[in-house]
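[1] Sequence first, predicted model second:
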Protein chains: 2
Amino acid sequence: MPTIRDVAKLANVGIATVSRVLNNNPSVSDETRKAVLAAIEALDYTPNPIARQLSTGRTLTVGVILPYLTMPSYVERLRGVQHALAETEYNMILFSVGSPSERDSYFKDLPRNNLVDGILIISLPPNDNQAERFARAEIPTVLIDAYHSQLCCILTDDVKGGKLATQHLISLGHRKISFLSDFLETPFRPSARYRYQGYRKALEENGIPFNPAYHISGERGRENAKKMANHLLNLDDPPSAIFAGNDIQAIGVLDAARESGVKVPDDLSVVGFDGIRDAEYTNLTTIDQHLYQSGVDGVNILIDALDIRPETPLEKRLSLNLIARGTTQTFSQKT
Amino acid sequence: MPTIRDVAKLANVGIATVSRVLNNNPSVSDETRKAVLAAIEALDYTPNPIARQLSTGRTLTVGVILPYLTMPSYVERLRGVQHALAETEYNMILFSVGSPSERDSYFKDLPRNNLVDGILIISLPPNDNQAERFARAEIPTVLIDAYHSQLCCILTDDVKGGKLATQHLISLGHRKISFLSDFLETPFRPSARYRYQGYRKALEENGIPFNPAYHISGERGRENAKKMANHLLNLDDPPSAIFAGNDIQAIGVLDAARESGVKVPDDLSVVGFDGIRDAEYTNLTTIDQHLYQSGVDGVNILIDALDIRPETPLEKRLSLNLIARGTTQTFSQKT
DNA sequence: TACTTTTCTGGAACCGGTTCCAGAATTCAA
DNA sequence: TTGAATTCTGGAACCGGTTCCAGAAAAGTA
C-alpha cells in the first residue's frame, strides 16, 4: 500500500504538499497540484482513514446503540437513522444490546474511547450516572425514544398515545376495555407503563371505572400476548375491546381471537400501538408514532450538535396519529 | 483525556511497560503491574482505539454492505450477522446501499482504504471486475446470498427452492399454477429468476405444460403484487394456485384474494418464499431459506478467513425447507 | 567469585496522516 | 534597485498507541 511519502517522492514534492492537495487546500499552484494528482493516479493511492482520524481527532463515525433487532419498531427507527446518515459524511457503527449488562458496558465505554464522534441511543434510557457521563463527555449524544433531562432527546408522548387509543374505543361505544401489554417494569424503556397511564386517564375522564381484571401484562412477544388474550376472552364477563401495548401483541390478540372463533371487529375490537408494517398487513387499527421519522430527527439533531454543542439539551416531540383500520368497530350490544 | 504517557509518568515507568500491562504481556513483574494499574485507575485512563489501530494495522471492524433495510429478508440476515459478531471482538460498520452507483462506490473504496479488516456483502453480487478487486485486496470478503467464483459465499439454491414450492402445489393436485414475482432482470441479485427456473423445471418434470399467461412479473412490493394477482384472478381460466417470488409478494396475493372474495386456501392456494416473520403471522405456506443462519455462517467464515486466508474460496450452501401452513390445500375440482 | 542466563524495563522508531512555521521565490510598490 | 508583501513549499513535530532492541538487575551455575 503506497503512503503519502511515496506519492511525495514520486511527485518530487513534500508530504505537506500532498496533504494539501488531498484536502483541496487552495494554496497549491496548479502545476504542482497536477504533478501530485498524477503521482496519486500512478500509484493508485488512497489515504488511510485511520491515520487521518488519529491526526485530526475526528473519526467521521457515529455510534448507534440499540436493542437487538427483535422488534420491528427498532428496525424502523434504524432505517430512519441509516437514511439520514447516508446524506452526511458519517459512517455508522452498530452496537446492539441483548442484555442490561451489555448495555451498561457500551454506555460506559463508548463516550470515553474516541471511537465515534457522536452517539445515538435508541429505546434505551440511561440512568442518572450514565447520563451524567454522556453529558460530561465531549461526544454529543442524542436519545431516541428515551428521556433524560441532561441529554438531547426525540420523544413520543406515550401517555397521550395510550389516551388516544383508549379514547377511540370509548368513542365507538366500548366500555369494557382491556389493556394488555409487556410488564410495566422492565430494564429497558417501559413505554408500556406510560401507555397504561394514558389508558387509565382516558377511562377516568370518561367516567368509566377501571376494572383490574381487564388489565394484564406479561412477557413480550406475540405468543405470550395470545395467551394473555385467551385469558381475557375466557373471563365470565369478557371485554369488548382490547388495547394492546404494541402492534406485535395486538397481532397476538388477533391470533387468539381467530383461534377461539371470536370475530374481529364484530365481537371484539383491537387497537395496537406503533404503526409498524405488520400492522398495515394485518389491517390493524393502531397509533402511528412515526418511528422512521424519529431516526431521521435524531440524526439531524446529532449532526447539528457536532458542529455547535447546544448549551442546553434539545427536546423534540413527535406527533401521534390514530390509524383506524379494520380491527375496530362501533360496539353493538348483543344477546 | 489522559494518554499512555501520562500513565507512564504517574506510575514512574516507561510507556512500553504501560503498553505491556494493557496487553496482558506476561513479562511484567507483579509489582510494576500493580503500580501501572493504580495509575490507570487514578487517571481514569482508556486507551485510544484509533491510535492502536494505526500502529497494529488492525481495526477490529467488519464492514457490512447491504441494500437499504426495505425487505425483511435483509433485516433477518443482518440480525444473524449482528448476533454472530457480538461473540467476537469485532465491531460492525453498516454501509447500506440504495442504488447501483452507491453500491459500486462502496465496492470500489472499501477494499482499499484500511477502514475495515473484513467485508461482508449481503444480497449484492459483484461483477467480475469488482470481484477481482475484492479477491486481490488483502481484506477478506464473504458474500451472503450472492455468488462469485473468486470469493467465499453463503448460498441458497433458489432453483431448488422454486422447484420445491412448485412440487408442493403439484403434489396437492394443482396443475394451473402461476408464478408471480419481481422482474427477472434486476440490478441486484435476481433470485426471482432462479426461482422461476425451478418453477419451470418442476412443471416440466411433472409433464405440466407451461402456460405463459400464468407467468407475471413486475415491480417489487406488496401493492404491486396485489395488482398482478388481480390480473391473474381475472383471467378467463384463472390459476388454482399462485407461487409468489417472495413472502411479501405472497402477502400481496392474499390481499387480492381477500378483496375479490377468493377464499384461500379453498379456492386458491398460495406459496411464498423466504420464511420471514410476516409469513408466520399471515399463516403463509413458504420456503424457509434460513435467512438468520446465513448471517451467522457468513460471519463465521469471515472470522476464520481473518486468521488464515483460505487459498481457495469457500462455498457454503444452506438447506431449504418447505413450511406448509394454512394457505395451501389439496386441489378440489369445483363447479 | 566470575560468568552465563533469565527476567524485566525504557528509549526510540514506527504506523500514516495533518499542520505549524520558517524560508524560498515571485510579485509589487516606491 | 531595494524593501515589503504575497504566494508556495517542505521539514519537522504531532496525534497515541505498539514493538524492536539494548541494557540493567536478578538469578543460576560452575
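    In hand now; what should we look at?
[2] Please name the nearest non-neighbouring residue to whatever residue of the stretch 101-250 of chain A ends up closest to DNA strand C.
    Going by Cβ to the nearest atom of the strand, DNA strand C is nearest to A:N114 of the stretch 101-250 of chain A, at 13.4 Å. All C-beta spots, glycine's among them, are computed from the backbone N, C-alpha and C. Once flanking residues are discounted, A:N114 sits nearest to B:N48: 5.6 Å by Cβ to Cβ, 6 or more residues apart in numbering or on different chains.
[3] Was I right to think the one you found contacts B:P2?
    No: counting by Cβ atoms under 8 Å, B:N48 sits too far from B:P2 to count as a contact (10.1 Å).
[4] quick one, which of the two is more surrounded?
    Remark: of B:N48 and B:P2, B:N48 carries more neighbours, 19 against 15, as counted by other Cβ atoms under 10 Å in any protein chain shown.
[5] Can you name the residues of the stretch 51-200 of chain A sitting close to DNA strand D?
    Neighbours of DNA strand D within the stretch 51-200 of chain A, by Cβ under 7 Å from any atom of the strand: A:L54, A:S55, A:G57.
[6] Next, count neighbours for the second one.
    Read it as A:S55. A:S55 has 10 nearby residues by other Cβ under 10 Å.
[7] One more: the first one?
    Here the count is done by other Cβ under 10 Å, and A:L54 has 18 residues near it.
[8] ditto for the one 10 residues further on
    A:V64 is surrounded by 26 other residues when neighbours are defined as other Cβ under 10 Å.
[9] Grab the nearest non-local neighbour of it.
    Nearest one to A:V64, counting by Cβ to Cβ, 6+ apart, is A:L120 at 4.7 Å.
[10] Next: A:E185.
    A:E185 sits nearest to A:R193 (Cβ to Cβ, 6+ apart), 7.2 Å away.
[11] do A:Q167 as well
    Per Cβ to Cβ, 6+ apart, closest to A:Q167 is A:A202, 4.9 Å.
[12] The least confident helix or strand in chain A by mean pLDDT near chain B at all?
    Using mean pLDDT, DSSP states H and E, the weakest-scoring helix or strand in chain A turns out to be helix A:277-281, at a mean of 84. Yes: using Cβ under 8 Å from any Cβ of the partner chain, helix A:277-281 reaches chain B at A:R277, A:D278, A:Y281.
[13] can you redo these as a markdown table with neighbour count?
    Listed next are the residues of helix A:277-281 next to chain B as a markdown table, based on neighbours: other Cβ atoms under 10 Å in any protein chain shown:
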| residue | neighbour count |
| --- | --- |
| A:R277 | 16 |
| A:D278 | 23 |
| A:Y281 | 18 |
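[14] which ones are touching the residue nearest to A:N114?
    A:N113, A:N114, B:M1, B:T3 (Cβ atoms under 8 Å, 6 or more residues apart in numbering or on different chains).
[15] can you check A:N12 too?
    Residues counted as contacts of A:N12 (Cβ under 8 Å, 6+ apart) are A:A35.
[16] Quick check, A:T327 in contact with A:I251.
    No: between A:T327 and A:I251 there is no contact under Cβ under 8 Å: 9.9 Å.
[17] So for these two, which residues contact both of them?
    Taking Cβ under 8 Å, 6+ apart as the criterion, A:T327 and A:I251 both touch A:T282, A:L284.
[18] if we can go back for a sec, for the residue of the stretch 101-250 of chain A closest to DNA strand C, what are its contacts?
    Neighbours of A:N114 in contact, by Cβ under 8 Å, 6+ apart: A:G57, A:T59, A:I139, B:M1, B:N48, B:P49, B:I50.
[19] How far off centre is the helix or strand in which A:A39 is found?
    Using DSSP states H and E, A:A39 sits in helix A:30-43. Centroid separation for helix A:30-43 versus its chain: 46 Å, with Cα atoms, centre = their mean, to the nearest Å.
[20] cool, and stretch A:262-278?
    That offset, for stretch A:262-278, works out to 23 Å (Cα atoms, centre = their mean).
[21] mind checking how far the closest residue to DNA strand D within the stretch 51-200 of chain A is from DNA strand C?
    Going by Cβ to the nearest atom of the strand, DNA strand D is nearest to A:S55 of the stretch 51-200 of chain A, at 3.5 Å. A:S55 sits 3 Å away from DNA strand C, going by Cβ to the nearest atom of the strand, to the nearest Å.
[22] That residue sits in which helix or strand?
    Going by DSSP H and E, A:S55 is part of helix A:49-56.
[23] Residues touching that helix, excluding its own?
    A:T59, A:L60, B:I50, B:A51, B:Q53, B:L54, B:T59, B:N113, B:N114, B:L115.
[24] related to what we said a few turns ago, does anything pack onto the helix or strand containing the residue nearest to A:E185? Which helices or strands?
    Take DSSP H and E as the rule and A:R193 turns out to sit in helix A:191-205. If contacts are counted by 3 or more Cβ pairs under 8 Å, 6 or more residues apart in numbering or on different chains; DSSP states H and E, helix A:191-205 sits against helix A:158-171, strand A:177-182.
[25] just for chain A, where's the confidence low?
    Within chain A, the ranges that satisfy pLDDT under 70 run A:333-335.
[26] can you rerun that using 80?
    A:113, A:186-189, A:281, A:332-335 (pLDDT under 80).
[27] How is it partitioned into domains?
    Domain ranges of chain A: A:4-47, A:58-156+A:291-319, A:158-289, per automatic domain parsing.
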